[in-house]
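>>> structure for the following, please:
(4 chains)
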2 protein chains.
Amino acid sequence: MSHHTIDYIQRIRDSGHRMTHQRQIVLDAVCSFNRHATAAEILKRVHEIAPAINQATVYRTLNFLTEIHLLFSGTIDGQTIYEIATPTPHHHLICRKCGHIAALPDQCFADLIQQIKTEYQFLPEIDHWAITGLCADCQ
Amino acid sequence: MSHHTIDYIQRIRDSGHRMTHQRQIVLDAVCSFNRHATAAEILKRVHEIAPAINQATVYRTLNFLTEIHLLFSGTIDGQTIYEIATPTPHHHLICRKCGHIAALPDQCFADLIQQIKTEYQFLPEIDHWAITGLCADCQ
DNA sequence: TTCATTATTGCAACTTTTCGCAATAGCAAA
DNA sequence: TTTGCTATTGCGAAAAGTTGCAATAATGAA
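You can find the predicted model right below:
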């Protein structure tokens, strides 16, 4: 999924923030992988395109884009990874061996959420879960 | 739950590793919180007890103890936290307002895990989940 | 288009975490 | 107990990520 197919500029502005050159380059870099990438990989690619962009800006931008849900971030083998988010809410199944990421629809959590609400009087805020494990090929 | 009630020395040896003074102190430090603690908090407490233990050793030990499942590690608010593992797996409901933590039995995830296995051919490894949200008092 | 506001960036210093390697010390076997 | 093997530690340095603050630039209003 490329970010060119979603109006990410509007998404950033709607969230009350500004679109900048730096944010566009970080988004481009994340998308250029066509897979999940680590902060270090993204930082490296950003510097290949635009060496002047500061590393602190890249880290801050990755956190920012994740917070407004334009990127998805998860943990594989203790490493934080990023990838462009899809428009409909969903979760991820991340294979800890090959790193493959599959989507899991939000609906799968409905029963669990209902149970937590009624049995524990707790209101869970589950907007993005990354479930690690083994995919079919790696089991 | 204290580590004194489980034979952690045997658990370490059974995993093909050695029991050391440093590992015991790190285990003691983790347990002394009686709750989950961050690496920084644990490092601080270890140094209060035994200043000579190197910080690299503490980090390595936390990773090691997590790998052999003597500790649970999870992420709260982007921070990695550790706590002693209970013999029966369980999870946590963490209130983002008052910080109250409640336990959630592993059984709650049975249906979800089964669904992921059969519908997605994915084998989830759900050790310890921290679900944030709002507790009954804070809603 | 110009101006004012303030979110965002670059910078440098700082904190946190990891790494390579030589020295140390657990553990099993004699 | 002693010995030998090698897992583990301490150390110093490097890597990874964060922070405070002044300068810059994106945005809306005039």
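>>> domains for chain A, by residue range?
Annotated domains of chain A cover A:3-84, A:90-133 [automatic domain parsing].
>>> so which helix or strand takes in A:I94?
Element membership of A:I94 [criterion: DSSP states H and E] is strand A:90-95.
>>> ok, that strand: who's next to it in the sheet?
Applying DSSP bridges, strand A:90-95 is found paired with strand A:101-105 (antiparallel), strand A:130-134 (parallel).
>>> that older thread, which one of the domains of chain A lies closest to B:L43?
domain A:3-84 (17.3 Å; Cβ to Cβ). Using the backbone N, CA and C atoms, a C-beta is placed for each residue, glycine as well.
>>> pLDDT at A:Q107, what is it?
A:Q107 is assigned 90 on the pLDDT scale.
>>> ugh, wrong one, I meant A:G78
pLDDT, A:G78: 72.
>>> rank the domains of chain A by pLDDT, which is bottom?
With a mean of 86, domain A:90-133 has the lowest mean pLDDT of the domains of chain A.
>>> show me which residues of chain A are close to DNA strand C?
A:17-18, A:20, A:22-23, A:52-54, A:56-57, A:60-61, A:64, A:78 (Cβ under 7 Å from any atom of the strand).
>>> who wins for most neighbours among those?
Highest neighbour count within those: A:T61, with 23 neighbours (other Cβ atoms under 10 Å in any protein chain shown).
>>> confirm A:H17 sits in a strand?
No - according to DSSP: H, G, I helix; E, B strand; the rest coil, A:H17 belongs to no strand; its state is coil.
>>> who's in contact with it?
By Cβ atoms under 8 Å, 6 or more residues apart in numbering or on different chains, the contact list for A:H17 reads A:F64, A:I68.
>>> now the domains of chain A as CSV including distance to B:D127?
Shown next, in CSV, are the domains of chain A (distance: least, Cβ to Cβ, whole Å):
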stretch, distance to B:D127
domain A:3-84, 12
domain A:90-133, 9
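>>> correct me, but A:I101 touches A:L93?
Yes - assessed by Cβ atoms under 8 Å, A:I101 is found in contact with A:L93 at 7.1 Å.
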